[in-house]
Each structure stands twice: as structure tokens, then as C-alpha cells.
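Trainee: Sequence below, structure please.
(one chain, ligands or ions: 1)
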Amino acid sequence: MPLGASLLAVSKGQHPRSIRKLSEYGQLDFGESRLQEALPKKNELKDLNQLRWHFVGKLQKNKVRGVVKEFDFIHSVDSLRLMERISRISQEEQKTPKIFLQVKLRDDPQKGGFLKQDLLKSWPNILSLKNIHLIGLMTIPPIALNLSQRKDLFCECRSLADHLELKHCSMGMSNDWEEALEGGATWIRLGSLLFGQRKL
Ligand SMILES: *Cc1c(COP(=O)(O)O)cnc(C)c1O
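Mentor: Numbers count the residues shown, from 1 in each chain. Next comes the predicted model:
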């Protein structure tokens, strides 16, 4: 069993004042899924320079530079081409983002992610990229899965991360975080459970 997990507060759709409030209780890690939404919020909170920003949304290639400049962690790198672009731009910007590779362990037309075979095949390439700090895998279960099926999927993600010698698994949201912890998550990503309904 893991010794503990970190909490990512997913603040998409929430007012900056809610982020500030939570930070007063000691929460420092916040997740956003859109660059355009994150920029004004970060600006409004720039006095809180200890906050760490995590990008959790689908990353479009034209947003890579902005995300590399503004975020410390990226949870949603879903292809080798995107990873190569992040590496190139990170070198130009002299950044080394912490990266989770998003994996798709079940068929799911609504979600992106590396298939396991593709990830294993691309692995030597991925390891050779510069200005990337690869820390783990991220996964999102298809909505149709029940809790016990989700737990199985989380355990598979943990095994794959262990096989690749990656420490972190970013998995589990408001409705399945307990199964994710049982499955070996080191980061759980909670939005509505922490903040209530999204407002923006
Ligand atoms: C929105 C979002 C979350 C948080 O979802 P909740 O169900 O509100 O906890 C977590 N991860 C990702 C990738 C998200 O987009």
C-alpha cells in the first residue's frame, strides 16, 4: 500500500476567491483544464506565489507554449507527438515541466491517451526527450464503469507505472477517489467534492 497520496484541487469552473480560501487552509496544488480560464485566475492570485499549477485538460498543440510557461505539472500528455512538442518548447522556454502520461486502459471514444502497447513501443523515444521530468501515469475511467471495474482499472494503471519505474499515478475524481486510493493513486484530483458545483 502507498504511504500517502496528494490532493489536487481541480479549480476549473471556480472563482479565484474559492482558490484563495482553500489555499488559506494549506492547499497549494490546483488543477485547471483550460489555459484561457487559468490565465486571469493566476493573475488575480499572483500574490500567492507558493501555489503550484497543474494542467489537467485536453492539451491542444497551439496551447503548448502557454501551458509550459504557466504550469508546473501537466497530467494529460496523450501522444508521442505532443510529448515531442512539449520537449522542444520546454527547451526554448528553459522549463522542465513535471509530466504524467495519460493512458487509456479501456476502449473509450470520449477520451484520449496512450494505449498500453503504444506506450511500451514509444518508451525509449519518450525517455530520450529533453526538458521533461516524467513522473507518472494518469488515467480516467470510461463513465460506464462501476466502482469495482474502476478499481481494477486503477490497479492496472499502478502496475504499468511500477513496470515503467514511475512513482506517480494521477487517478480518482470526486466519484471514485476511494477506489483510486485502494488501487495505488499518489494524486487524486477532486473538483466538485471540494468546491461544490462548478460556477463559471
Ligand atoms: C474536472 C476534472 C476533475 C475533477 O472532477 P470532479 O468530478 O469535479 O471531481 C478531475 N480530473 C480531470 C481531468 C478533470 O477534467
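
Trainee: so who does the spatially closest residue to residue 53 that is not a sequence neighbour touch?
Mentor: Among residues not flanking residue 53 along the chain, residue 71 sits closest, at 4.7 Å (Cβ to Cβ, 6 or more residues apart in numbering). The C-beta positions use only the backbone N, C-alpha and C, and glycine is treated the same way. Residues near residue 71 by Cβ atoms under 8 Å, 6 or more residues apart in numbering: 32, 38, 53-55, 97.

Trainee: Ok, residue 177 next?
Mentor: Per Cβ under 8 Å, 6+ apart, neighbours of residue 177: 185, 188, 190, 193.

Trainee: Wait, residue 34 touches residue 57, no?
Mentor: Yes. Applying Cβ atoms under 8 Å as the test, residue 34 and residue 57 come out as touching, 5.7 Å apart.

Trainee: Between those two, which is the more surrounded one?
Mentor: residue 57 (19 against 15; other Cβ atoms under 10 Å).

Trainee: Return the backbone torsion pair for the residue nearest to residue 53.
Mentor: Taking degrees, to the nearest 10, you get phi -120, psi 150 for the backbone angles of residue 71.

Trainee: For the ligand, what's its nearest residue on this protein.
Mentor: The ligand sits closest to residue 191 of the chain, with a gap of 2.7 Å, by Cβ to the nearest ligand atom.

Trainee: Not counting residues beside it along the chain, what's closest to that residue?
Mentor: Using Cβ to Cβ, 6+ apart, the closest residue to residue 191 is residue 10 (3.7 Å).

Trainee: how close does the one you found get to residue 29?
Mentor: 10 Å (Cβ to Cβ, to the nearest Å).

Trainee: Who has more neighbours out of those two?
Mentor: Per other Cβ under 10 Å, whichever of residue 10 and residue 29 has more neighbours is residue 10, with 27 against 19.

Trainee: Flag every residue of this structure that's near the ligand.
Mentor: 10, 12, 33, 56-57, 173-174, 189-193 (Cβ under 6 Å from any ligand atom).

Trainee: okay, these in JSON lines with pLDDT and secondary structure next?
Mentor: As requested, those are exported to JSON lines (pLDDT from 0 to 100; DSSP: H, G, I helix; E, B strand; the rest coil):
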{"residue": "10", "pLDDT": "98", "secondary structure": "strand"}
{"residue": "12", "pLDDT": "97", "secondary structure": "coil"}
{"residue": "33", "pLDDT": "98", "secondary structure": "coil"}
{"residue": "56", "pLDDT": "98", "secondary structure": "coil"}
{"residue": "57", "pLDDT": "98", "secondary structure": "coil"}
{"residue": "173", "pLDDT": "98", "secondary structure": "coil"}
{"residue": "174", "pLDDT": "98", "secondary structure": "coil"}
{"residue": "189", "pLDDT": "98", "secondary structure": "strand"}
{"residue": "190", "pLDDT": "98", "secondary structure": "strand"}
{"residue": "191", "pLDDT": "98", "secondary structure": "coil"}
{"residue": "192", "pLDDT": "97", "secondary structure": "helix"}
{"residue": "193", "pLDDT": "97", "secondary structure": "helix"}
